[in-house]
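Colleague: coordinates for the following, if possible.
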Amino acid sequence: AYSGCKCSLYWYNRRRPCPLSVGLGTQNQDYRGNARDMDSMRKGLFVKRQARRTVLLAIGALLSLVLLAGCGGGATDGAGTNLGSGPLLAFIGGDGNLWLAKGDGSLAHAVTVTPCPVNQSCYGPPAWSPDGTSVALFGPDAATPSYKDIYVYNRQGLLQQTIHPVSPLAFGHILWSSDGKQVAYVGNPDALAAGKSQAPRYALVLMVVSSGAKAGAIILPSPGNAQCGSDPRGGPLGSLVERAVYGSTGQGLRDTLGWTPDGQKVAINGGSCGTQVQIVNRGGSAQLLVPVSDPNANNVVQAQFSPDGQHLLATQTSSQQDDILIYNADGSGGKSIYSDTSAPPAFTPRLGAPSWSADGKLIYFMHGESIWQIGADGANPHQLVAGSASGNAQKSEAAPLPSPDGQHLVWNELSLSVADNTARTELLGGDANGENAKVIADGGVWPAYSAK
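Modeller: Numbering: from 1, shown residues only. You can find the predicted model right below:
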């Protein structure tokens, strides 16, 4: 994804570390789309390369992309592993494959065994079904790795279904419907007729898990064409944290993609440089989240719906102040539950990466280089895990994720060794307060918990 270094969005420390000192800007134009439209394929038609590239660059300003390596996928490690009951942890390991572990990070093992190029991933972020029985993710087609399929595995790591998506425009996050019967991704919902061409639409495309058939689409507002710069903060570690928190690829990416449990609302980032969260109703109408402390800021990012679908959590950033915000699910009633005006470390934002607890009562978030917790009502903000803003090595504790049973917390520790000027990442896990931390996986990223 980044020429000269082959580090895709989160792959900082595969079988060899990557210094991440590559410049941004037009580097991201090296992305190549592999979107497939099944009807068009049967007719031997392909979307024109330039049009596809233009679409992917536009989508790149909205979603955090995964560079999925060109290697056949879907194969598992054999008979599967029974990890028992309770929440399970899925993540992408340092080898670029899907891994599963128990909720505390123990018994971690690779599920897929695809040989991935160094510093690249063969698979996208995993997503669990609401009942916690299946995990879905993008991966390379077994026969033609340049095409990308959606693979569905059970809790034992056995492949249950392979879905051939209709024209995906970005091989990133997958969402599940509340009944677990459909998966959804961002793509073009239209099949091109023979001899015709048209500008692709932008939608959340729904696929039936059991049959792999297309089930419909929720049309989304077209992405803007703004080319936005995003200068790395604080050298290699700053660049690392910027991408980990915001998914930045040099076009101002601000990652938001969510779906309410009732399936009626989608949250996705858009607007100028992707810094405005849009709430899209299933009927097609959309509205922007209004910043709270500075209505003219237009920089509300990282939004996610609460577990019950009644509220929306987001971060507002500006040059002088950052806020943790909570809205009603329709985008109304926004309020700040925590603000910070202190000078952040050079390599992190003041506040970022907020995440709900499973019961919706607590919020975990990045506070500078450390991880904090606060009540959803704004009560009792306090530090859980301390990073290090100076010394060797500098460390940023990032992207906290609590387990559904409230017993565990996982996060990424992003570090920079002054000795070799190399940025690295580890997936860590501890108890609910971040104590008794241990390494789950070197280079592990994109953790996702199943339901308890």
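Colleague: what about the helices in the stretch 101-250 of the chain?
Modeller: Along the stretch 101-250 of the chain, counting by DSSP state H, counting those that start in this stretch, helices occupy 235-246.
Colleague: all strands of it, in order?
Modeller: Remark: strands assigned in the stretch 101-250 of the chain by DSSP state E, counting those that start in this stretch are 109-110, 127-128, 134-140, 148-154, 159-163, 175-176, 182-187, 203-208, 214-219.
Colleague: distance between the ends of stretch 442-452?
Modeller: Using C-alpha to C-alpha, to the nearest Å, the span of stretch 442-452 from its first residue to its last is 26 Å.
Colleague: now swap in stretch 149-163 and tell me
Modeller: This stretch, stretch 149-163, spans 6 Å end to end (C-alpha to C-alpha).
Colleague: next, the buried residues of that stretch.
Modeller: Counting neighbours by 16 or more other C-beta atoms under 10 Å, one finds that the buried residues in stretch 149-163 are 149-153, 155, 157, 159, 161, 163. Quick note: C-beta positions are derived from backbone N, CA and C, even for glycine.
Colleague: stretch 355-374 too?
Modeller: Neighbour-count burial for stretch 355-374, counted by 16+ other C-beta under 10 Å, picks out 355-358, 360, 362-374.
Colleague: equivalent analysis for stretch 127-138, please.
Modeller: Of all the residues in stretch 127-138, those buried under the rule 16+ other C-beta under 10 Å are 127-129, 132, 134-138.
Colleague: likewise for stretch 162-169?
Modeller: Those would be 163-169, for stretch 162-169 by 16+ other C-beta under 10 Å.
Colleague: what's the farthest-apart pair in the residues you listed?
Modeller: Farthest-apart pair in the buried residues of stretch 162-169 is 163 and 169; separation 16.0 Å (C-beta to C-beta).
Colleague: hang on, the earlier thing: restricted to strands, list the buried residues of stretch 355-374.
Modeller: 355-356, 362-367, 370-374 (DSSP state E).
Colleague: where in the protein is pLDDT low?
Modeller: Scanning the chain for pLDDT under 70 picks out the ranges 1-78, 119, 169-171, 191-200, 222-256, 270-274, 294-298, 391-393.
Colleague: give me the phi and psi for residue 352.
Modeller: As for residue 352, its main-chain torsions (degrees, to the nearest 10) stand at phi -180, psi 170.
Colleague: can you get me a residue count around it?
Modeller: The number of residues packed near residue 352 is 24, by other C-beta atoms under 10 Å.
Colleague: so what pairs up with it in the strands?
Modeller: The partner list for residue 352 in beta bridges (DSSP bridges) reads residue 366.
Colleague: from residue 447, how far off is it?
Modeller: For residue 352, the distance to residue 447 (C-beta to C-beta, to the nearest Å) stands at 17 Å.
Colleague: same question, residue 407
Modeller: Note on residue 407: its distance to residue 447, by C-beta to C-beta, is 15 Å.
Colleague: ok, residue 216 - contacts?
Modeller: If you count contacts by C-beta atoms under 8 Å, 6 or more residues apart in numbering, residue 216 has them with 189, 206.
Colleague: repeat that for residue 299.
Modeller: For residue 299, the contact set (C-beta under 8 Å, 6+ apart) comprises 275-276, 291, 316-318.
Colleague: picking up where we left off before, what about residue 407 and residue 447, which has more around it?
Modeller: residue 447 (26 against 14).
Colleague: and the two most separated of the ones in strands among the buried residues of stretch 355-374?
Modeller: Pairwise across those, and taking C-beta to C-beta, the largest span is found between 356 and 370, at 19.0 Å.
Colleague: list the buried residues of the host helix or strand of residue 430.
Modeller: Element membership for residue 430 (DSSP states H and E) is strand 422-431. Across strand 422-431, burial judged by 16+ other C-beta under 10 Å covers 422-430.
Colleague: now render these as CSV, adding distance to residue 382.
Modeller: Output for the buried residues of strand 422-431, formatted as CSV (distance: C-beta to C-beta, whole Å):
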residue, distance to residue 382
422, 32
423, 28
424, 28
425, 25
426, 24
427, 24
428, 19
429, 20
430, 15
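Colleague: what backbone torsions are found at residue 343?
Modeller: Taking degrees, to the nearest 10 as the convention, residue 343 sits at phi -70, psi 120.
Colleague: how many residues are close by it?
Modeller: Neighbours of residue 343 (other C-beta under 10 Å): 8.
Colleague: ok, it to residue 350 distance?
Modeller: The gap separating residue 343 from residue 350 is 8 Å, by C-beta to C-beta.
Colleague: and if you look at residue 439?
Modeller: From residue 439 across to residue 350, the span is 27 Å (C-beta to C-beta).
Colleague: the two: who's more crowded?
Modeller: Ranked by neighbour count (other C-beta under 10 Å), residue 439 and residue 350 place residue 350 first, with 21 against 13.
Colleague: the more buried one and residue 365 touch, don't they?
Modeller: No: applying C-beta atoms under 8 Å as the test, residue 350 and residue 365 come out as separate, 10.3 Å apart.
Colleague: lovely, talk soon.
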